[in-house]
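# Just need the structure, nothing else, for what follows:
(chains A and B)
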2 protein chains.
Amino acid sequence: MKRNLYLKTTPVEEALAKYMEALQQAGALQPQTEVIDVCDSLGRRTAGPVFARCCSPLFNASAMDGIAVRAADTKGADESRPKRLKLDLDYKIVDTGDPIKAPFDAVIMAEDVVEIDEETVEIRASVPGWNHVRPIGEDIAVGEMILQTGHMIRPVDIGVLLASGNLQVEVCRKPRVGILPTGTEIIKPSAMPKEGDIIDSNSGMFAAMVEEAGGVPERLDIVEDDYEKIKETVLRQLKTQDMVLINAGSSAGTEDYTVHVLREIGQVIIHGVAMKPGKPVILAIAGGKPVIGLPGYPVSAWLAFENFATPVLRALGGDTAVAAAAAVSTAVGSAAGTAARPPVSATGSRTVQAVISRRIVSSLKHREYVRVKIGKVGDKLVAAPLARGAGAAMSLVRADGFCVIPQNSEGCEAGEAVEVCLYKDLEEIENTLVSIGSHDLILDLIGDRMAAGNGGFHMSSTHVGSMGGLMALQRRETTIAPTHLLNEADGVYNTAILRQMFPEGTMALIKGVDRMQGIMVKKGNPLGIKGIEDLIRVRYVNRQRGAGTRVLLDYMLKQAGIRPEDIDGYEKEAATHMAVAALVASDEIDAGMGVQSAASAMGLDFIEVGPEEYDFAIYREDLKLPQVQAFLEILKSREFHEKLKEMGGYGWRQAGHIELI
Amino acid sequence: MKRNLYLKTTPVEEALAKYMEALQQAGALQPQTEVIDVCDSLGRRTAGPVFARCCSPLFNASAMDGIAVRAADTKGADESRPKRLKLDLDYKIVDTGDPIKAPFDAVIMAEDVVEIDEETVEIRASVPGWNHVRPIGEDIAVGEMILQTGHMIRPVDIGVLLASGNLQVEVCRKPRVGILPTGTEIIKPSAMPKEGDIIDSNSGMFAAMVEEAGGVPERLDIVEDDYEKIKETVLRQLKTQDMVLINAGSSAGTEDYTVHVLREIGQVIIHGVAMKPGKPVILAIAGGKPVIGLPGYPVSAWLAFENFATPVLRALGGDTAVAAAAAVSTAVGSAAGTAARPPVSATGSRTVQAVISRRIVSSLKHREYVRVKIGKVGDKLVAAPLARGAGAAMSLVRADGFCVIPQNSEGCEAGEAVEVCLYKDLEEIENTLVSIGSHDLILDLIGDRMAAGNGGFHMSSTHVGSMGGLMALQRRETTIAPTHLLNEADGVYNTAILRQMFPEGTMALIKGVDRMQGIMVKKGNPLGIKGIEDLIRVRYVNRQRGAGTRVLLDYMLKQAGIRPEDIDGYEKEAATHMAVAALVASDEIDAGMGVQSAASAMGLDFIEVGPEEYDFAIYREDLKLPQVQAFLEILKSREFHEKLKEMGGYGWRQAGHIELI
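Numbering: from 1, shown residues only, chains lettered A, B, ... in the order given. Just a heads-up that it's a prediction; the model follows:
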């Protein structure tokens, strides 16, 4: 088991500053330039100052609709001594934008002119020279500097460039970036995966990130884990690209060749950064160009790209501020600064204060980026941590931002105020109905209908089980809590627990759906499972602690006199009905409990255990919120009920009915 | 003089809401959809929910480097009772990502394994099933909804789409937009302008704005002011485009046909909006598609596009929140809401509080968008209003944001706190050296060098003349104030006025350049101008009140015994040396005072009047600011001095020297 060892991990800013400095010294940050049509220059950065080639206006122009006159002729005119002017001789009719030429040098607005006859007007005030005239060059004088070096060209700049006689402009060339996927187990997304294969989804993500950072990506063919082949490919790419990204092999596994290749053909500035996810980054220079080795796990890959590849790309595209920002961070880098800097470097993202909903434990050894879902509950923003694994790509999709746990911190406690670096509009977050609690497929369905509707509302769902949701509701971290908890005493769902956990008269229950719970088994039920008692002879997968479905299982096991430890897989947990269904469909698991709709979606057989009521707990005072109203409308809609019918296993007789608790 | 009359002007939000509602009712906001490759989908919006087609991970995978074992085999192992396992029989070596298959169902990290010999390891702790295993579907379960309807696809989404087996995705088609420039006086940017011609710079700007809003622009040929031709072109375009923009002819001039054409072929929902600039907007529906008539002045055009075309385009591109936002604004539209809404609808811009540096008078009849330059001076943000004319395109380029004067307000007083809607990064603003005062070409030069340098600094210059700058410095609205004011008593520049205006011991003077002032005349000096005394027989152009050059003229006129009213054009004002030079180069003006570099730049002759000292006033305490240090470095640099030599008329013997006052 031979493995690479990181000599050390470098703090994030220090790593970036060192790398940028090394690149600068090697001349590897110098943008290439090119002359392009102004009309193609949106988003590009100027390579040097740009000067006006003509004036705007091109001539003295009328700023009003009216008549052009000689200012001198109007001298002395007033209410008591009006002056009369003759067409062509003394005045000319002009529209806004018409040229004002000698002998005329002033304009009188149409409203201030009295028409005497077709050829005569009377004026009752004198005007100075250039009255209502836009003199030549008023807006832009020829020779004037109109754009500075390194300016990112916007639509208004294109307008001014054209108005000032610039048809072409010298800009920084878009950096060309070769994206090289490596790994014997890696396959193209279009290939049929065999066992052990991993779909190369990172290359597509990187290509989009390169585009967003202003570069031109080229996705290269996958290269297997072979030292020579990787080396050859990188060397060849360095001839045509401005930058090369290698994915992955940047870690310390037995077949991670990237760092060795880069040491041979260039210089490795940094291997290993004190961040999580994203530690196994390689920052190198080869052939006078930046070469970055990115980790394979999607979340690590994304964070490493944002923190290191994005700034390099921006600098190569002509953004002079990037190198400066990196240099500034060195100054404070090794001291307190490591904690204070924003997490993702160049996304222009925004930082807000939020209350963290769960305790986060982190190590002093690295800065940790915890993805969070943000919800506005009452007046406060609540940040709910999502899955922390580096492989949890969906956590990046679902996240509204990052909570950054500094390198010198051990984490934070539930209820603590934290800084969250948003990457979603705050407005969208404020229009989002926050749901924390039990999982059901209908949540996705309702969320989609809210997003598709023209109310501008969204729903964000976090799945922590029924009890977890009600506890979040107690802490006022969610607006609704989906729950299906049976009171064994009276056989009624959800009401007893609400009465027990919340003050009298404060709560309501939005009735949701009746849904069928049962045991999912493989198509055709090859092991002949008939009920709970058969679970002791199969490979089972459970739900997480606090999930209503697990509570139901425990209740039924107790009734059947079965001990949990007698079930193979009782300790194996999946977080959603769909995840359980996916596992039951695989070779490794035989059975799991869940709802009928999940079994149908995955083509599994389903042994009914019994119906239950899946409802939404809410504070009464929140029922009037517009996003809750939108939610209720969908619950009651025929479109939703049709969809439930299609999915199977649901009843909707009470959907949207409100029960005060 | 027949002109269109606006029946009334509608408040901005009311206009947008009415238009969006009419479009919705006409089915003209419905996005078209198409199926495209996921790798081409960056920035597009999903047409419906997207579901996972495979799981991720695709199989139970090791989350660590280590060994795969049967969890059951490890039962009972601890420090005192270690267990030994045999290769292949009891364990298998695995890297992160390797599949974990039956009979193995758990992973022990390499660090926790003691190697006994090549085929035997010892473990000292038991592990549960799925220890360090990522079960199939942990991140994404097949059938799970991964993206909702109307979601804008980001790089992470592309990664997850590929990982979940989606190679293609159904998205909203980019709306196609025909951009139709109209006007007999309008010429292509590439054409040689004749007198009275206006360069069509708007089409290029609109095309870029369409792109930014997610559309596909098509720039059409210019159509002259001809009712039938405009009508034919619009009708033809409506067959292929999703939206048509007509520029201009939207106003009330004698040849403004757009509104009449649109009334004939469709329905005009709004003509005239209570905003300035930007009033002459036409919001119409024709052929079931949105058609917008935009004003001709570039600032009006930009504002009208941002406020009306951008939201329509976003809705057509699948952004469901836009229509909702417009509808919400109706609810508050006619009441207080008209004042409170953000000025530009969809740019995601940010609002900050700033102190306005000059009084702004506005009308109750409209909402006014005043472009401002923002500077950080000390702790406060100062907003300096820029040129307010609708034709002042450079004011849009120079602006950092807008100060919005609500429709129900008459304006604001100098020193008042105002809301500014930024469209530049606050960070860039904070790194910007603010200069308000006298104009010289070297300011552009220094600004460009600051922007090009890797300190990340910028300079923003506002030209209000020497006195205006010193007064801004008194109010602490600028950091430096370029000034060239001669004390007649002792013939020394700048020091006397500083002593007079500021408390003792607080000020410093950064010495700038010696520069030659004189009279600019046409090449070859056809009128034989020799000095100030000749100005009474030519057409002159002056500088604005408070400009040092005007003070110098007044001083010399007094000495020569000439009354200002004897000079033709004394009341005609230009704001910069280059603007004066551009006018002297035209047919309408014979002479103007200014610096030699401006005359050279414009190829004019120059009659020397005398050298003067152009310096920078600053509070002593601000000398240590990093952006001031960067400024000083440039002033003293050889590169700068070389450039001065090339421009002509400058001396730099004291440049960058600091004189305490």
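# Pull up the gap between residue A:167 and residue B:201, please.
Note on residue A:167: its distance to residue B:201, by CB to CB, to the nearest Å, is 11 Å. Any C-beta I mention is one placed from the backbone N, CA and C, and that applies to glycine too.
# More neighbours: these two, which one.
residue B:201 (26 against 14; other CB atoms under 10 Å in any protein chain shown).
# Was I right to think the more buried one contacts residue A:165?
No: the pair residue B:201 / residue A:165 is not scored as a contact, 9.9 Å apart, by CB atoms under 8 Å.
# okay, and the common contacts of those two?
Counting by CB atoms under 8 Å, 6 or more residues apart in numbering or on different chains, the residues touching both residue B:201 and residue A:165 are residue B:189.
# where does the residue most central in space within chain A land on pLDDT?
Within chain A, one residue has its C-alpha closest to the average C-alpha position: by CA atoms, centre = their mean, that is residue A:423, at 4.8 Å. For residue A:423, the model assigns a pLDDT of 81.
# With residue A:396 as the reference, measure out to it.
10 Å.
# pLDDT weak spots in the stretch 151-300 of chain A?
A:250-255 (pLDDT under 70).
# residue boundaries of the strands in it?
Using DSSP state E, counting those that start in this stretch, the strands of the stretch 151-300 of chain A run over residues A:168-172, A:176-181, A:186-187, A:198-199, A:216-219, A:243-247, A:266-271, A:275-276, A:282-286, A:289-294.
# Would you mind telling me which of those is nearest chain B?
For chain B, the closest of the strands of the stretch 151-300 of chain A is strand A:198-199, at 5.6 Å, according to CB to the nearest CB.
# wait, doesn't residue A:120 sit right on residue A:87?
Yes: between residue A:120 and residue A:87 there is a contact under CB under 8 Å: 7.3 Å.
# what about stretch A:51-70, how long is it end to end?
Stretch A:51-70 has its terminal residues 34 Å apart, counting by CA to CA, to the nearest Å.
# go on, stretch A:278-295?
7 Å.
# one step back: would you reformat the strands of the stretch 151-300 of chain A as JSON lines and include mean neighbour count and distance to chain B?
Supplementary listing: the strands of the stretch 151-300 of chain A in JSON lines, determined by neighbours: other CB atoms under 10 Å in any protein chain shown; distance: least, CB to the nearest CB, whole Å:
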{"stretch": "strand A:168-172", "mean neighbour count": "20", "distance to chain B": "10"}
{"stretch": "strand A:176-181", "mean neighbour count": "24", "distance to chain B": "11"}
{"stretch": "strand A:186-187", "mean neighbour count": "20", "distance to chain B": "10"}
{"stretch": "strand A:198-199", "mean neighbour count": "23", "distance to chain B": "6"}
{"stretch": "strand A:216-219", "mean neighbour count": "18", "distance to chain B": "8"}
{"stretch": "strand A:243-247", "mean neighbour count": "27", "distance to chain B": "11"}
{"stretch": "strand A:266-271", "mean neighbour count": "20", "distance to chain B": "17"}
{"stretch": "strand A:275-276", "mean neighbour count": "23", "distance to chain B": "14"}
{"stretch": "strand A:282-286", "mean neighbour count": "25", "distance to chain B": "17"}
{"stretch": "strand A:289-294", "mean neighbour count": "27", "distance to chain B": "12"}
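# coming back round to it: next, show the common contact partners of residue A:167 and residue B:201.
Overlap of the contact sets of residue A:167 and residue B:201 (by CB under 8 Å, 6+ apart) consists of residue B:189.
# Strands of the stretch 1-150 of chain A, start to end?
According to DSSP E, counting those that start in this stretch, the stretch 1-150 of chain A carries its strands in the segments A:33-37, A:50-51, A:61-62, A:66-69, A:83-86, A:92-94, A:106-109, A:113-117, A:120-123, A:133-134, A:145-147.
# As TSV, the ones you listed with mean neighbour count would be great.
Shown next, in TSV, are those (neighbours: other CB atoms under 10 Å in any protein chain shown):
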stretch	mean neighbour count
strand A:33-37	12
strand A:50-51	22
strand A:61-62	24
strand A:66-69	24
strand A:83-86	15
strand A:92-94	19
strand A:106-109	24
strand A:113-117	12
strand A:120-123	19
strand A:133-134	24
strand A:145-147	22
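# Turn these into CSV, including mean pLDDT.
Shown next, in CSV, are those (pLDDT from 0 to 100):
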stretch, mean pLDDT
strand A:33-37, 98
strand A:50-51, 96
strand A:61-62, 92
strand A:66-69, 95
strand A:83-86, 95
strand A:92-94, 93
strand A:106-109, 94
strand A:113-117, 93
strand A:120-123, 95
strand A:133-134, 91
strand A:145-147, 94
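# between the ones you listed, which one is nearest to chain B?
With CB to the nearest CB as the criterion, chain B lies closest to strand A:145-147 of those, at 3.9 Å.
# Are there helices or strands packed against that closest one, and which ones?
On a contact count with 3 or more CB pairs under 8 Å, 6 or more residues apart in numbering or on different chains; DSSP states H and E, strand A:145-147 meets strand A:50-51, helix A:155-163, helix B:393-398, helix B:441-452.
# Perfect, I'm done here.
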